[in-house]
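> missing the sequence, but the structure's below:
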């Protein structure tokens, strides 16, 4: 595999991990979030700071990164309990802008210069780069997918599906909306944090614009195109939106237009996504109607 | 015949609200549709006005088939609705609410005269003319809804559960007014009511509804003694 | 008589200045079907929502099995073992019929953090949920998506979910509205069977015929107040009830 | 004192421009309950159209008129082709659709007009004002006068004309408005026409004020105006205007005086989240 392909593949896998987190929040629990890049960024900055200023190893920092991302997710998820629907969407947009601004303007986070000199990940005394790092990312993607799969089979996951479908009915079955929405938020932002840590150690230099609002839209587009709530949607969406721009490299100018136009056409004609109920892909593949998680 | 409805069906998704109801209203008549709540009365009026989609059936008004006509065209053709729970525009003033009733029809009616007449009918509205409708009491809002429907000088007035939530004294006044509009001003009225006895008292003919179908119809003098009414409301009688 | 299973004393709820429920007393005894009746806007639904925890009472007490439940949140009321259905059906549309019942079966898990991570796809759970579907006559539709069911079946599904939550007390919110006559008759038979299994039922209904046939006792509300209580035949001949339902002839005519 | 006054005047101008962009968003949210993010793209198109007409004809009046007409058409197209078919879905669906429209238009503009900043070399025919020995520049005067004019016209249309009454009625209860003889679908389109034309005015004005027109000039307003309508109370026109002015003044003064570490663009969102935590309905919300 050429270095070029490995680079694209690594980023796709990292994005897939982050979108899995978004899927838990939006797809499983039905909480619309348009600011997911903020949590991706919180993970990346936490990992970068721990590595450069705290001299933590990647492995030592990882539990902390996931924990901190999850806790910040819990904190910022609190407003989502007070507001609903479109208010929640605007609130999460706001969180994204505020978090980006903090990274950009607070000197502790490196300001406009960002944070550089992030070391590579070491494993058994070997520096992981290229295909080895891709394997590491694939390992974590497998772990995240396994957690998602497990979540969809757990009572907690079932409670989230119920909340997504009908909050009042769910409550009448003993499901506390606060407890389970926050559970989904913490789990989802924790995954975003993991993706952020991998991103920081892969790029070795990060700055605030890597986690700006358009990135959130890209993440959401991946999920929407894949089909919200489907276990495999994050992977499918990340691959499609990761590979297509590369294929369109010859007409580089039209890449972004193609990208946004695709999102528009998807949401206008197939709001359920490629793996969604009644989508043309499902009909083509003659897939059986989805189960709870699908 | 001013209005004829044939075989009306209304469904909300899977819920059948009205299944196969037919009736007619002649010019100058006051006709009631009565039945306990949940009988489908409000859906019928919504379908006549065009704000509730009709699953099946035909509506003929003034000789024309209006089944496919949008609500605003029906309104402009002279049908007016006093909706259930009044549904006045909460943030418009009393006067503004009245003016919505003559949208694009101001020139067709002697506006100043109509307003003066309505304020005479409902003096409380004159007092509150510049207040937002949301600040009115339930009874006042109901009066405003009636005035808003009357201002355009309609040919057919549809009245939906006007007695609901009103104090008994006000119910009497409203029914007297409807009776007066019908007898002395020749207004054709289709009244939908849960309050069976009061509406039978003022109307000439009535239809009795139970869970979406018509179970009795006829002259109110005969219907008042009909045991089926008691049965529809109280579930007693035959058994 | 033994202590009531559900006891309501002095229950009131005010919205703005309006008294939607005004000092209502009511008691529901183990094994009976109690009907809560009243014309539109009488306060039935508010009363129902006060019991289920959707609203917090302005005054009064609600006791279930001797313990206060007023002021609890809906999920806490459910956790005490009170199942309910909804007037406007609220299925988990994207989930299958079986999964809908499984959500309700989870009532014993959702309260404890440590218990909610197990799998709901176990055989035992599935069998228990199937048994409930069997009871309401939906077993053959178990794999169907709930959102695609017709209304009559959705009402049954809601009853199955309510039974999973409340094995002793189930509140039915206008479960008969919008149904055809033959569906009403079948659902009536189902409610009777459930009562025979020992489940106590509180029924809100505006279909008089159904209520009269099913209930042991009836409480009638009008303008938020309790205006009558008694057996169906007592209620049918109560002048206050007749006036609340059929209306008055009007002052000038009565005079 | 002198500097403070100058800052204040700049802040009011900034707020006035926010108000012009926010008005359309408020009108649309009031009647359709859709968060019309693409409105900021309409505003950008307005700036480009204005510049195009100005460069070809040299007439500023024609530039405003052309931009308003083009944007009105664009607004109605977005309503009919994107929002109307999506209204039956949960609110996030039209919102994502709107964001996609916004980004697509930005990209189209970048491809058609180029990614660089164009200048808008127009002189606004307004005199400098002298108030107590203090001079207000012609551009500032223009912003004040034009904003006041737009607000006046909007107030007249919604408050004094029959069709304005229909707009307000339809935004409060659409089926009943229909039952009164109001064609609400037409009224909705008219709302888009009005809001988009105002956005065009804002676009041209901003282009001249900063002497800059570029494809992403709508990016920040797109989301900041969302924050403003939340603070102003979703759908309340007066609330949106007041919130815009307050934000414009607060931003300018805070940048000028307090040494806050955050950029001005984050301020709106912090205010918004604070308001949401404190009062769900916003400052002037009706609590519907």
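Received the coordinates, thanks. This one's a predicted model, so the numbers in the text were calculated from it and none came from an experiment.
> count the residues that sit near residue A:78.
Using other CB atoms under 10 Å in any protein chain shown, residue A:78 has 14 neighbouring residues. C-beta coordinates here come from the backbone N, C-alpha and C atoms, glycine included.
> check which helix or strand covers the nearest residue to residue B:54 once chain neighbours are set aside.
Counting by CB to CB, 6 or more residues apart in numbering or on different chains, residue B:54 lies nearest to residue B:47, which is 4.7 Å off, once chain neighbours are set aside. Assigned by DSSP states H and E, residue B:47 falls within helix B:41-49.
> ranges for the helices of the stretch 1-150 of chain A?
A:3-22, A:36-52, A:58-82, A:85-105, A:131-153 (DSSP state H, counting those that start in this stretch).
> for the longest one, buried residues please.
Taking 16 or more other CB atoms under 10 Å in any protein chain shown as the basis for neighbour counts, the residues of helix A:58-82 that come out buried are A:58, A:61-62, A:64-66, A:68-70, A:72-73, A:76-77, A:79-80.
> and if you look at the shortest one?
Taking 16+ other CB under 10 Å as the basis for neighbour counts, the residues of helix A:36-52 that come out buried are A:36-52.
> tell me which helix or strand of chain B sits lowest on mean pLDDT?
helix B:227-234 (a mean of 78; mean pLDDT, DSSP states H and E).
> ok, residues contacting it?
B:34-36, B:39, B:196, B:208-210, B:215-216, B:223, B:236-238, C:208-209, C:212, C:236, C:241-242, C:245-246 (CB atoms under 8 Å, 6 or more residues apart in numbering or on different chains).
> just the buried residues of those.
B:34-36, B:39, B:196, B:208-210, B:215-216, B:223, B:236, C:208-209, C:212, C:236, C:241-242, C:245-246.
> out of the residues you listed, which sit inside strands?
Residues of the buried ones among the contacts of helix B:227-234 located in strands (DSSP state E): B:34, B:208-210, B:215-216.
> pLDDT check: weakest of those residues?
Within these, the minimum per-residue pLDDT falls on residue B:210 (83).
> show the contacting residues for that residue.
B:35-36, B:39, B:232.
> out of these, who's nearest chain D?
Among the contacts of residue B:210, residue B:39 lies closest to chain D (CB to the nearest CB), at 20.9 Å.
> what segments of the stretch 151-255 of chain C are helices?
Along the stretch 151-255 of chain C, counting by DSSP H, counting those that start in this stretch, helices occupy C:151-165, C:181-196, C:208-214, C:232-236, C:239-246, C:251-254.
> can I get the helices of the stretch 1-150 of chain A in CSV with distance to chain B?
Conversion of these to CSV gives the following (distance: least, CB to the nearest CB, whole Å):
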stretch, distance to chain B
helix A:3-22, 31
helix A:36-52, 34
helix A:58-82, 25
helix A:85-105, 20
helix A:131-153, 28
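> for those, which one sits closest to chain D?
Taking the helices of the stretch 1-150 of chain A one by one with CB to the nearest CB, helix A:85-105 is closest: 3.5 Å.
> name whatever forms a beta bridge with residue B:65.
In this entry, residue B:65 is beta-bridged to residue B:60, by DSSP bridges.
> how near is it to residue B:57?
Distance, residue B:65 to residue B:57, using CB to CB, to the nearest Å: 11 Å.
> neighbour count winner among these two?
residue B:57 (17 against 11).
> next, the more buried one: secondary structure please.
Following DSSP: H, G, I helix; E, B strand; the rest coil, we place residue B:57 in the strand state.
> and residue D:24, by the same measure?
Strictly by three-state DSSP, residue D:24 counts as helix.
> show me what contacts it?
D:36, D:39, D:42, D:75, D:194-196, D:198-199.
> so for it, what pLDDT did the model give?
Looking at residue D:24, its pLDDT is 90.
> nearest residue to it other than its sequence neighbours?
That would be residue D:195: by CB to CB, 6+ apart, it lies 2.7 Å from residue D:24.
> I figured residue C:172 hits residue C:207, correct?
No: using CB atoms under 8 Å, residue C:172 is not in contact with residue C:207; the gap is 11.7 Å.
> neighbour count: the two, which is higher?
residue C:172 (28 against 23).
> and the helices of the stretch 1-150 of chain A as CSV, adding mean pLDDT?
Formatted as CSV, the helices of the stretch 1-150 of chain A follow (pLDDT from 0 to 100):
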stretch, mean pLDDT
helix A:3-22, 94
helix A:36-52, 94
helix A:58-82, 86
helix A:85-105, 85
helix A:131-153, 95
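> quick one: the ones you listed as JSON lines, columns for distance to residue B:106 too.
Shown next, in JSON lines, are the helices of the stretch 1-150 of chain A (distance: least, CB to CB, whole Å):
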{"stretch": "helix A:3-22", "distance to residue B:106": "54"}
{"stretch": "helix A:36-52", "distance to residue B:106": "53"}
{"stretch": "helix A:58-82", "distance to residue B:106": "46"}
{"stretch": "helix A:85-105", "distance to residue B:106": "37"}
{"stretch": "helix A:131-153", "distance to residue B:106": "61"}
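> what's the closest of these to residue B:181?
helix A:85-105 (43.8 Å; CB to CB).
> now the closest one, how far from the chain's geometric center?
Put simply, helix A:85-105 sits 16 Å off its chain's centre (CA atoms, centre = their mean, to the nearest Å).
> quickly check: it near chain D or not.
Yes: shown here: helix A:85-105 in contact with chain D (CB under 8 Å from any CB of the partner chain) through A:85-87, A:89-91, A:93-95, A:97-98, A:100-102, A:104-105.
> next: stretch C:15-32.
No: using CB under 8 Å from any CB, stretch C:15-32 stays clear of chain D, with a minimum separation of 11.9 Å.
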